[in-house]
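> this one's structure only:
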């Protein structure tokens, strides 16, 4: 029995031979496309189709690992022709046609070979090196996307924002000044909150007349896996939005699709406004190779769809225009089949990835490593700091020091941007960004709409155009609705592009517990597990203002020079803290570190010495130092190590240090489950040859309540002392 | 799918491939006997020595045989003979490409131009500098000893070139030729520039009677050619063609106006990227063999270096290539009798 792919394949030639073509959906008479260009588009469509067909054959032989295809969506070749090869395109997984057509604008590229390498997970795949079937290319300005639904839309908005921003700031960037950003997705994805947030953000900017040259391309095939999109849903939903122009085209008709794509792209380019391009497509051969379409669709409906095969529509168009004869169409179809087949036979011989060392080598890969800009000179610093210049030598709390640190960093890195909720005029909820807008202007320090996905997506997109984003997430708990922008997008890009693309950024997050007078879970969330398991992400948690400045500098340096994604968690409770042991001792204020001082990634600091070592960070360090002082009044002293960095821990060095102590206590301010303390203690217990006596003193696995009970389940000075004494067997 | 015929990508050679070893190589070549007669007649009308007489000369004269107006059509005739002698019962040519002047030959092989028009194109372009060469070309290696590409040498050349170009007439990359770069520019500047390149064996050395092809120095030549050759009759290629950028010209979708513009415009005045052309041929057609048409085999090393750059079929370095060529040659050079035998 023939499968649907074989039926569609066979019926193409039969229908062309007998000239049984589908009804014309839309008549478009005028076009500036030449017959040669129409044939050229058709050839790209046929290559895309034969890649799908061949992928399914290879899957049967277990040589291809991902058969989600582009069949029925081949009309997207027109969008490639209508755009420039430097118009960055964030494409969904049915975009082989676009990729092939764009390749023709960049001589020397080899799309058939490269895509087959990707299908077969070959280590030679130039974009992901066999890590995923992705459609991507650095030279074609197509960052690779995986299949997380709609997660690429927020960064498309960010990339579109970056183009006029670079011009306004007079900074050169990889994207030309008159570029447009393209972003494609399916009709089902258009329902995703991530997509809706992106349409909203784009329109929010456009509504305020902020330039944003972006074309959203909704390739509407009427179904998402098995769920039908309601008739007219996309058109009705998106044709009347403030700030978002809407255009419709028939993606089965090369001329209509090209002319409308061109109008959409021209509009976005010249008016610098977002457009929603609604393109009709059909889905052929099911959602993916493993999808049995008949389990949720009638055969009649499947056949009706197949009758609308876009390459049949294209064949009709070319034959009617006298550009090709039916015989030539069929020969071309078979010639391309042969070519794709022969290329696939060559690609089969290429080795797939195998060992984990190789696979993981791409996690933090960066092909374009840069030198950091030189430090700003004293004159320019004095000018920017203005009235605060003379205060730099007086001890300050963490919030003020971070503010000064950001000031120097914005001065040193002209590409750096600070944005987030309330960061501009208000200067942030905790005044950490106060005066920055005044110092650096509205293009570099600005408020974002209230949507964390939009903030982090913007950071990724801005980074694609050479910016160094320093976005702020107002509270740790607010990251959660936008987690995928870090986990699925920012952190994976280097991995899926072998470092051809990176997402340099430093995400500042105000978080953790112990706030006085401002309790409740959502402002005191005390779990960092969300970041800890993401490969390659740097996680910094400073415990004092001087460290914070020096660690922030390291983060910016690593982001800029090596394209790293850094999460910089600022303990809110320590922002304004001045005293350590006694009222007005001001022992937790520090002078501003000279601009050339940094704390290296993984570098720790140990306070004091003794027979017991406390490992900790953040608020835990602050409390442990207080406990240390009290304990040191006895004859058994305690050393306290501030880990500072919760990622990139140098375990061999840590073990060496720990081995010098009789007991090691990890003071963990986060909920124990999934905490760093849990990991470190477990690792020490299992990996050290003769581990010291170990214990973990962490926060209860509970959310933070409001009011006086806010600290009930958290480590305190007293509980730390208790834990030490228990560990020593003194209780 | 079972493919009966072996699939070939044919490479047409460039200038400099007809050497003293190729004298008398046109004699008795039935495939082109009529073509040579016709070309001899056209050359006689132009007051030029016939190809037959040049080919049958007692000795090879650099001052005669390497001149563009003679070398170009001689190479064309030899290459055409080879191309026509490929046994089409057993082999299918799936794409044709060429190096530099080889592009004009590729247009002839794929029947974009008739014999008459191919001759006119090749003869005209070969005679553009009768009154004196415009600039010159040098060749320089950009590979390690094992024929793998050296980024370091490439960067070094770029650095020297950028520095040199600040004070002298500019030097350009004329051809990216596998493990070699052909660099070109105004003659005095080129001589100065050559002195700045570290000597590697005999390199850099100047290509005799070669102008600064594929550089803006030939803008005037391009303009003249566009006028002089405007009446050529361009037809769609019968076989896909791959140009000096790596663009594939497909039989049905090729716009002849664009092909004419490229051939006499960009192709004449911009870098000819033979490495890209052959890489596209390899990866987008995956032929069973690359066939290098004669005369000679001077492009063989460059082709081997491009195979190495692409790690093609397990060929990672010079010794892999040499071994492969010995045991089961992937590159078949028609200038080598044994390999030619395989194809004819």
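Yep, that arrived. Values in this document were obtained by computation on a predicted structure and should not be read as measured data.
> any idea of the mean pLDDT in the host helix or strand of residue B:72?
Element membership of residue B:72 [criterion: DSSP states H and E] is helix B:68-85. For helix B:68-85, the mean per-residue pLDDT is 96.
> can you list contacts of the lowest-mean-pLDDT helix or strand in chain B?
None of the helices or strands of chain B scores lower by mean pLDDT, DSSP states H and E than helix B:62-65, at a mean of 91. Contacts with helix B:62-65, where a contact means C-beta atoms under 8 Å, 6 or more residues apart in numbering or on different chains, come from B:18, B:20, B:54, B:57, B:70-71, B:74, B:208-209. Using the backbone N, CA and C atoms, a C-beta is placed for each residue, glycine as well.
> then stretch B:316-326?
Residues contacting stretch B:316-326 (C-beta under 8 Å, 6+ apart): B:145-148, B:304, B:307-308, B:313-315, B:330-331.
> report the buried residues of that stretch.
B:317-318, B:320-321, B:324-325 (16 or more other C-beta atoms under 10 Å in any protein chain shown).
> now the contacts of helix B:62-65 as TSV including neighbour count?
Below are the contacts of helix B:62-65 laid out as TSV (neighbours: other C-beta atoms under 10 Å in any protein chain shown):
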residue	neighbour count
B:18	30
B:20	11
B:54	23
B:57	15
B:70	22
B:71	24
B:74	25
B:208	13
B:209	19
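> looking at those residues, which is nearest chain A?
Minimum distance to chain A across these is 27.9 Å, recorded for residue B:71 (C-beta to the nearest C-beta).
> so what strands line up beside the following helix or strand past the helix holding residue B:72?
Next along the chain after helix B:68-85, taking DSSP H and E as the criterion, comes strand B:91-98. Applying DSSP bridges, strand B:91-98 is found paired with strand B:6-12 (parallel), strand B:241-242 (parallel).
> now do strand B:91-98: distance to the chain's middle.
Here strand B:91-98 is found 15 Å from its chain centre; the criterion is C-alpha atoms, centre = their mean, to the nearest Å.
> circling back to that earlier point, which of the contacts of stretch B:316-326 fall in strands?
Among these, the residues falling in strands (DSSP state E) are residue B:331.
> of the contacts of stretch B:316-326, buried ones?
B:147-148, B:304, B:307-308, B:315, B:330-331.
> can you verify my assumption that residue A:160 contacts residue A:175?
No - at 9.8 Å, residue A:160 does not count as touching residue A:175 under the criterion of C-beta atoms under 8 Å.
> looking at these two, which one has more neighbours?
Ranked by neighbour count (other C-beta atoms under 10 Å in any protein chain shown), residue A:160 and residue A:175 place residue A:160 first, with 34 against 20.
> can you pull out the strands in the stretch 501-650 of chain A?
A:505-511, A:538-540, A:565-571, A:605-607, A:612-616, A:638-642 (DSSP state E, counting those that start in this stretch).
> who are the packing partners of the first one?
Translated: strand A:505-511. helix A:452-464, strand A:468-473, helix A:545-562, strand A:565-571, helix A:572-575 (3 or more C-beta pairs under 8 Å, 6 or more residues apart in numbering or on different chains; DSSP states H and E).
> state the mean pLDDT of stretch A:474-483.
Here the average pLDDT along stretch A:474-483 is 95.
> quick one: buried residues of that stretch?
So for stretch A:474-483, counting by 16+ other C-beta under 10 Å, buried means A:474-479, A:482.
> which residues does residue A:214 bridge with?
Taking DSSP bridges, one finds residue A:181, residue A:274 as the beta-bridge partners of residue A:214.
> burial measure for residue A:578, as a count.
17.
> need the contact list for it.
By C-beta under 8 Å, 6+ apart, the neighbours of residue A:578 are A:397, A:586, A:588-589.
> residue B:39 now?
So residue B:39 contacts B:50-51, B:73, B:77, B:115, B:119 (C-beta under 8 Å, 6+ apart).
> try residue A:574
Residue A:574 neighbours (C-beta under 8 Å, 6+ apart): A:397-398, A:543-544, A:588, A:618-619, A:622.
> cross those against helices and list the overlap.
Using DSSP state H, A:398, A:618-619, A:622 are the members of the contacts of residue A:574 that sit in helices.
> closest to residue A:530 among these?
Among the ones in helices among the contacts of residue A:574, residue A:618 lies closest to residue A:530 (C-beta to C-beta), at 15.5 Å.
> count the neighbours of the closest one for me.
That count, for residue A:618 with other C-beta under 10 Å as the rule, works out to 30.
> identify the residues contacting stretch A:509-516?
A:428-430, A:432, A:472-477, A:479, A:523-526, A:528, A:541, A:567-573, A:575, A:618-619, A:669-670, A:699, A:704, A:710-711, A:714.
> 6 Å - rerun?
For stretch A:509-516, the external contacting residues (C-beta atoms under 6 Å, 6 or more residues apart in numbering or on different chains) are A:473, A:475-476, A:524, A:526, A:569-573, A:618-619, A:704, A:714.
> and stretch A:29-38, by the same measure?
With C-beta under 6 Å, 6+ apart, stretch A:29-38 has contacts from A:255, A:258-259, A:323, B:253, B:255.
> so which of these belong to helices?
Using DSSP H, the contacts of stretch A:29-38 in helices are A:255, A:258-259.
> what about the residues you listed, which one has the most neighbours?
residue A:258 leads the ones in helices among the contacts of stretch A:29-38 on contacts (other C-beta under 10 Å) with 25 neighbours.
> so that one makes contact with residue A:77?
No - Residue A:258 is not in contact with residue A:77 according to C-beta atoms under 6 Å; the separation is 8.6 Å.
> quick check: neighbours shared by the two?
Common neighbours of residue A:258 and residue A:77 (C-beta under 6 Å, 6+ apart) do not exist.
> around chain B, which positions in the stretch 251-400 of chain A sit nearby?
Contacts of the stretch 251-400 of chain A with chain B, taken as C-beta under 6 Å from any C-beta of the partner chain, map to A:341-343, A:346.
> compare those and tell me which is most surrounded.
Taking other C-beta under 10 Å as the neighbour criterion, residue A:343 ranks highest of these with 25 neighbours.
> host element of that one?
Counting by DSSP H and E, the element that carries residue A:343 is helix A:326-348.
> contacts for the next helix or strand after that helix next, please.
Next helix or strand after helix A:326-348 toward the C-terminus (DSSP H and E): helix A:356-360. For helix A:356-360, the external contacting residues (C-beta under 6 Å, 6+ apart) are residue A:353.
> in the following helix or strand past helix A:356-360, which residues are buried?
Downstream of helix A:356-360, the next assigned helix or strand under DSSP H and E is helix A:378-385. Using 16+ other C-beta under 10 Å as the test for burial, helix A:378-385 gives A:381, A:384-385.
> what of stretch A:314-327?
Buried residues in stretch A:314-327, counted by 16+ other C-beta under 10 Å: A:314-319, A:323-324, A:326.
> same question, stretch A:425-436
So stretch A:425-436, judged by 16+ other C-beta under 10 Å, has buried residues A:427-430, A:432-436.
> average pLDDT for it?
The average pLDDT for stretch A:425-436 rounds to 96.
> repeat for stretch A:152-162
On average, stretch A:152-162 scores 98.
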